[in-house]
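Asker: After the sequence you'll find the predicted model.
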Amino acid sequence: MRKSFFPFLVLLFPLSLAAAGHDVSTTAARQSQPVVTGNGAGFTAAWLEEAGQLRSVVAGRVNHDGDPLDGDGISLDQKPAFSVAIAHSSSESLIVWPANGGLSAARLTLSSVQLDAVPLVVTKDPASQPAVAWNGGRYFVVWSSGFQLLGAFVGTDGVVTAPKTFFNQPASDQNQLFAPDVSWDGKQFVVVFGEAPPGGAPPCTCVPSPDHIRVMRVSVTGDAIDAVPVRIPGVHGSAHVASSGTESLIALDAGADTTTMIVREGANGLQLSPEVPIFHWFYGLSSDVTWDGAVYDVGWRYPITTASAGWLGVTRISRSGSVIGTLFAEAAGPPESLFPPAGPSIAANDGGEFGLVTSDTTSPSSLSKVHLYLTSEFAPMPAAPMPPQNIVSYFTGSKALIEWTSAGDADGFLLEESIDFGQHWFRVDVLAPAVRTVTVPASVGNQFRVSAFGPGGLSGASITSIGSAQRHRASR
């Protein structure tokens, strides 16, 4: 696969001055890996923050209008951490993070009072990638220890139960377990997680083998209801889950695609609906899902290059799994990490409004900042641009000149190549909106296709096959 990203793309794809998003704190430190949960009419976010040689787990509230309420934020711990999880009850939030090889947690009230002067210890044993859900009485924290999934409960009084294993990978299976997520469906917990082949252990979330995302039920006491988790068909990298109280929706990431499926309890166990495509892009996507009291909201980020902001998308889905509509907003800055960018976190407040957080690299500091995007800042997603027209190619030596025309409504073009007669396509380049011609290395028989893109996604593609014909120019 050939890839080429050029520094001049930052000039060809300038940032919009009208981008949405609100700072969640007033600090100038580097912020990454944010998560969010509802907080009455507003939201509470938590993230990792680096200043000098110090890395902290920090939290902060944002009101209904997107204004930060806790200044620089509330430092919960100063031990190195690599991820954060968060959930809320009616009076507080619980934030969980890996620390010193185990898991720590802290409770934060709606008025920003930290209830635990010393972080709670969930487990001292090796733990990674925690997730947490509230069931109306206490929090359930789940995590992976490699070949096991474990859980522990945290009460509103700060009492932590002993960790309990609810899934053991069979001794004959060498795959490791990663990235669990959990929700409460009103009767039991629904847990989704992935399997990583040997050598692909966390934090790797690439799953080249099919049927390696699983879903299972866990009881109110933390015991497995499904002795054998249900395998989700297809090749996916990760999954997130939210529940309405009747059914659950799983958001699946499969390379450059985000899809969803409904999970219901049937007479013979869990039943999966057909997978529904949500969005397709040309970089890897990572999504999250929440239930807002009326519909499911699936959020993701789709950047153009490492030097451009791109957009944020949210698709609203009914309890039957039907797509109701899709919204978008322009991101405040380029993604904090290299591709694939860290996925956003999405949650709903008591008013049924969603808030989406992600880490953006914004000028002039060039430091990544956590930004919250509110429902009111999203607009209906437009249609994808018109496909390029009149694509032609001219081959000479070892290079091909490819030309096309366009209606001019695109934010750029994607150039892809196939060397097996269209069975597989590989990204070659991401081109600026003014480009209508490109020269690339090629061989006779190769195929190239060009798609236009914008906030509405990718257009259909126009294809040209490389031969030895004389040059033909596209009409302009």
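Answerer: On my side now, so go ahead.
Asker: So T361 is in contact with V370, correct?
Answerer: No. Using CB atoms under 8 Å, T361 is not in contact with V370, being 11.4 Å away. Where C-beta positions appear, they are placed from N, C-alpha and C, glycine not excepted.
Asker: Neighbour count for the two, which is higher?
Answerer: V370 (32 against 20; other CB atoms under 10 Å).
Asker: and that one, what does it touch?
Answerer: D23, V24, S25, Q31, S32, P34, A45, W47, V357, T358, S359 (CB atoms under 8 Å, 6 or more residues apart in numbering).
Asker: If we use 7 Å, what do you get?
Answerer: With contacts defined as CB atoms under 7 Å, 6 or more residues apart in numbering, V370 is in contact with V24, Q31, P34, A45, W47, V357, S359.
Asker: from these, which ones fall inside helices?
Answerer: If you go by DSSP state H, these have nothing in helices.
Asker: Out of those residues, which comes closest to Q271?
Answerer: V357 (32.5 Å; CB to CB).
Asker: Next up, the contacts around the closest one.
Answerer: V357 neighbours (CB under 7 Å, 6+ apart): V24, P34, V36, A45, P344, S345, V370, H371, L372.
Asker: partners of the residue lying closest to P334 once chain neighbours are set aside in the sheet?
Answerer: In this structure, P334 finds its nearest non-sequential neighbour in T361, 4.8 Å apart by CB to CB, 6 or more residues apart in numbering. Note on T361: beta-bridge partners by DSSP bridges are S368.
Asker: Enumerate every residue touching T361.
Answerer: T361 touches G333, P334, E336, S368, counting by CB under 7 Å, 6+ apart.
Asker: among these, who's most crowded?
Answerer: Within the contacts of T361, neighbour counts (other CB under 10 Å) peak at S368, which reaches 26 neighbours.
Asker: Would you mind confirming that that residue makes contact with Q33?
Answerer: No. Using CB atoms under 7 Å, S368 is not in contact with Q33; the gap is 9.9 Å.
Asker: Over to the residue lying closest to A224 once chain neighbours are set aside: give its phi and psi.
Answerer: Nearest residue to A224 in three dimensions, chain neighbours excluded: F166, at 4.5 Å (CB to CB, 6+ apart). The phi and psi values for F166, taken as degrees, to the nearest 10, are phi -110, psi -10.
Asker: Would you agree F166 is in contact with D226?
Answerer: No. The criterion here is CB under 7 Å, and F166 misses it with D226 at 9.7 Å.
Asker: tell me which residues in stretch 408-420 are buried?
Answerer: A410, D411, G412, F413, L414, L415, E416, E417, S418 (16 or more other CB atoms under 10 Å).
Asker: tell me the two of the residues you listed that are most distant?
Answerer: Going by CB to CB, the pair spanning the buried residues of stretch 408-420 furthest: D411 and S418, at 24.0 Å.
Asker: With adjacent residues omitted, what lies nearest to F189?
Answerer: Nearest to F189 is V218, by CB to CB, 6+ apart, at 4.2 Å.
Asker: neighbour count winner among F166 and D226?
Answerer: Neighbours were counted for F166 and for D226 using other CB under 10 Å; F166 has more, 22 against 17.
Asker: Return the distance of A81 relative to W404.
Answerer: To W404, A81 is 48 Å away according to CB to CB, to the nearest Å.
Asker: actually G343, sorry about that
Answerer: 33 Å.
Asker: One more: V142?
Answerer: V142 is 50 Å from W404, by CB to CB.
Asker: In terms of packing, which of these two has more residues around it?
Answerer: V142 (27 against 22).
Asker: quick revisit: possible to save the buried residues of stretch 408-420 as CSV with pLDDT and secondary structure?
Answerer: As requested, the buried residues of stretch 408-420 are arranged in CSV below (pLDDT from 0 to 100; DSSP: H, G, I helix; E, B strand; the rest coil):
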residue, pLDDT, secondary structure
A410, 94, coil
D411, 94, coil
G412, 95, strand
F413, 96, strand
L414, 97, strand
L415, 97, strand
E416, 97, strand
E417, 96, strand
S418, 95, strand
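Asker: Closest to D181 out of these?
Answerer: In terms of CB to CB, no member of the buried residues of stretch 408-420 lies closer to D181 than L414, at 30.6 Å.
Asker: quick one, what contacts the spatially closest residue to that closest one that is not a sequence neighbour?
Answerer: Spatially, and ignoring its direct neighbours in sequence, L414 is nearest to S451 (4.6 Å; CB to CB, 6+ apart). Listed by CB under 7 Å, 6+ apart, the contact set of S451 reads P387, F413, L414, L458, S459, G460, A461.
Asker: again, but for F43
Answerer: V36, T37, V62, A347, N349, G355, L372.
Asker: same question, Q447
Answerer: S418, F421, G422, I463, S465.
Asker: Let's see that with 6 Å instead.
Answerer: Going by CB atoms under 6 Å, 6 or more residues apart in numbering, Q447 touches S418, G422, I463, S465.
Asker: and it, how far is that from T405?
Answerer: Q447 is 19 Å from T405, by CB to CB.
Asker: got it, and V428?
Answerer: 19 Å.
Asker: now swap in S345 and tell me
Answerer: 41 Å.
Asker: Those two: which has the busier surroundings?
Answerer: Comparing S345 with T405 by other CB under 10 Å, the one with more neighbours is S345, at 26 against 15.
Asker: Who are the contact partners of the more buried one?
Answerer: S345 neighbours (CB under 6 Å, 6+ apart): V35, V36, D288, V357.
Asker: correct me, but V132 touches A85?
Answerer: Yes. Taking contacts as CB atoms under 6 Å, V132 lies within contact range of A85: 4.7 Å.
Asker: which residues are in contact with both of those two?
Answerer: With CB under 6 Å, 6+ apart as the test, V132 and A85 both reach V96.
Asker: now stretch 361-380: mean pLDDT?
Answerer: Averaging pLDDT along stretch 361-380 gives 88.
Asker: Please read the previous query as pertaining to stretch 38-56.
Answerer: Stretch 38-56 shows a mean pLDDT of 89.
Asker: and the end-to-end length of it?
Answerer: 22 Å (CA to CA, to the nearest Å).
Asker: now stretch 86-99
Answerer: End-to-end distance for stretch 86-99, by CA to CA: 15 Å.
Asker: Noted, bye for now.
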